[in-house]
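J.: everything below, folded, please.
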Amino acid sequence: MGATWQVTTLPNRLRIITTPLPATQAVSVSLFVGVGSRSEPRRLNGITHFLEHMVFKGTEKRPDAVLIAQEIEGAGGTLNAYTNKEFTCYWNIVPYDRFETALDVAADMLLNSRLEQDEIDRERTVVQQELKRNHDNPGSWAGRLIGTSVYGEQPPGWDVGGSVELVQEMQRPDFIDHIGQWYRPSNIVLSVAGNVSHEQVVAQAEPLFRDLQDGPLPTVTPYDASVTGPRVVTESRPIDQCTMFLGIPIFGRNDPDRFALRVMNDVLGAGMSSRLFREVRERRGLAYSVSSGYGYLADAGVFTISAGVDREKLTETIGVCLDEAARLTEDLVPPEELRKAKDHNIGRFRLSLETAHSLGQRNGELLLTRDAVESIDSVVGQVEAITAEDVRAVARRLLSRERVHCAVVGPGLDDDEIARALV
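T.: Now for the predicted structure:
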């Protein structure tokens, strides 16, 4: 049995979801806002992430970043935030007897950030350093390039952080406008999990958020499947190894085939017993690391195969990975292998939800992005129901060689050579 949750919608349409866990010593507070990089105009690509930084810089009640951090860290807690293509999350974790402070700090940061121009100018350099660090990491940058390659020049393909040049131009009125458009109560979910009651959370949250005015949200440009980037994207660097990503456009997060994809991914490239690991690393010794995975948006997604490989083994590795993917479209997964893949998937899923924070994150994200929370038992049941025929069908739907894109960061790369390996 999974932890139960309750949902209350305030009069201004802000939603509160709680997951009471009476046995834990912790409380996790997460505020989700339904805005990410795909919601931005091109000129302001990266402002959602920049704003995430700025919210920590001070409010009227807590005028600087140190005072905000001390309220949580002084209680032994942790606070942080993250931005992705479709939402932003501000979170903290504290001992359960400090819950009132934790919620007050989170609400104060979200609603009352001062956004002073001098702080924006100071933090601008920090954000730019973060972008440069991501560029300098070959693995991070190859992952960024595969998104550009699959999605092309449209909002889902833009970098979450924008660019050094775009960040340089962002000013205080841009942040004020962005908050005014997107930080509406109907676009916010407060998720609290831990040793606290639903009634306690609602009673404290209602006065903190009651004055937040709701209103219409801007529209998000739909994903256009006809727009893609170059099939091969490379960046040559004088380093010792290539980081290679193969990417294929897939369906959005609510597609009925999502459970078949979970099992297919486990068979292909999740863990040391997967087909890719056994064939690429154990049998052929081509790469130290190799795996597959996927990421969803509302109306799109990308399935990836990635590996770290020596330059002279690059095209061979690409070919072996594509051949393993093709096998899934042809032959049924044997019963014993299917059983192991399901057990691995279900086990990892259960173990990923062992803490108050992980449960609060899951439930808040699902309520924001899907308007409903699927129970743990329901997910397990739907994974269990997947057949070998379902796995082959989703592989045939997605894993056609013609749709594969490739991004590589490494030494002495040749785009034509890589393109030939994809054929």
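
J.: closest to the centroid, which residue in the chain?
T.: Taking C-alpha atoms, centre = their mean, the centroid of the chain lies closest to residue 84, which sits 5.6 Å from it.

J.: how about the nearest residue to that residue, chain neighbours excluded?
T.: Leaving aside its sequence neighbours, residue 84 sits nearest to residue 36 (C-beta to C-beta, 6 or more residues apart in numbering; 5.2 Å). C-beta: built from backbone N, CA, C; applies to glycine.

J.: same check, this time on residue 328
T.: residue 395 (3.9 Å).

J.: what helix or strand does the one you found sit in?
T.: Assigning secondary structure by DSSP states H and E places residue 395 in helix 388-398.

J.: what helices or strands is that helix leaning on?
T.: Applying 3 or more C-beta pairs under 8 Å, 6 or more residues apart in numbering; DSSP states H and E, one finds that helix 388-398 contacts helix 258-269, helix 314-330, helix 335-351.

J.: now do 6 Å
T.: On a contact count with 3 or more C-beta pairs under 6 Å, 6 or more residues apart in numbering; DSSP states H and E, helix 388-398 meets helix 258-269, helix 314-330.

J.: most tightly surrounded among those helices?
T.: helix 258-269 (a mean of 24; mean count of other C-beta atoms under 10 Å).

J.: gap between the residue nearest to the centre of the chain and residue 305?
T.: Separation of residue 84 from residue 305 (C-beta to C-beta, to the nearest Å): 21 Å.

J.: okay, buried residues for the helix holding residue 395 please.
T.: 388, 390-392, 394-395, 397-398 (16 or more other C-beta atoms under 10 Å).

J.: hmm, residue 35 and the residue nearest to the centre of the chain touching each other?
T.: No: Residue 84 lies out of contact with residue 35 (C-beta atoms under 6 Å); the separation is 10.3 Å.

J.: what touches both of those two?
T.: Residues touching both residue 84 and residue 35 (C-beta atoms under 6 Å, 6 or more residues apart in numbering): there are none.

J.: between the buried residues of helix 388-398, which is nearest residue 408?
T.: Residue 408 lies nearest to residue 398 out of these, by C-beta to C-beta, at 21.5 Å.

J.: what sits opposite the nearest residue to that closest one once chain neighbours are set aside in the beta ladder?
T.: Computed as C-beta to C-beta, 6+ apart, the closest residue to residue 398 that is not its neighbour in sequence is residue 250, at 5.4 Å. Taking DSSP bridges as the rule, residue 250 bridges to residue 301.

J.: distance check, residue 250 against residue 296.
T.: Taking C-beta to C-beta as the measure, residue 250 falls 8 Å from residue 296.

J.: residue 4 - how many residues pack around it?
T.: 11 (other C-beta atoms under 10 Å).

J.: what's the separation between it and residue 93?
T.: 20 Å.

J.: could I get the buried residues of helix 388-398 as CSV with pLDDT?
T.: Formatted as CSV, these follow (pLDDT from 0 to 100):
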residue, pLDDT
388, 98
390, 98
391, 98
392, 98
394, 98
395, 98
397, 98
398, 98
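
J.: state the mean pLDDT of the lengthiest helix in the chain.
T.: Longest helix of the chain, by residue count under DSSP state H: helix 117-136. Across helix 117-136, pLDDT averages out at 98.

J.: and that helix, how far from the chain's centre?
T.: Computed by C-alpha atoms, centre = their mean, to the nearest Å, the separation of helix 117-136 from the middle of its chain amounts to 21 Å.

J.: then stretch 30-42?
T.: Remark: stretch 30-42 is offset 12 Å from the chain centroid, using C-alpha atoms, centre = their mean.

J.: using CSV, write down the CA coordinates of that stretch.
T.: In CSV, the C-alpha atoms belonging to stretch 30-42 read as follows (Å, rounded to 0.1, in the frame of the first residue of the first chain):
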residue,chain,number,x,y,z
SER,A,30,7.4,21.9,-2.3
LEU,A,31,5.9,24.7,-4.3
PHE,A,32,5.3,23.8,-8.0
VAL,A,33,4.7,26.6,-10.5
GLY,A,34,3.6,25.6,-14.0
VAL,A,35,6.1,27.6,-16.0
GLY,A,36,9.4,26.5,-17.6
SER,A,37,11.6,27.3,-20.5
ARG,A,38,9.1,26.2,-23.2
SER,A,39,6.7,29.0,-21.8
GLU,A,40,9.2,31.8,-22.6
PRO,A,41,9.6,34.1,-25.6
ARG,A,42,12.9,33.6,-27.5
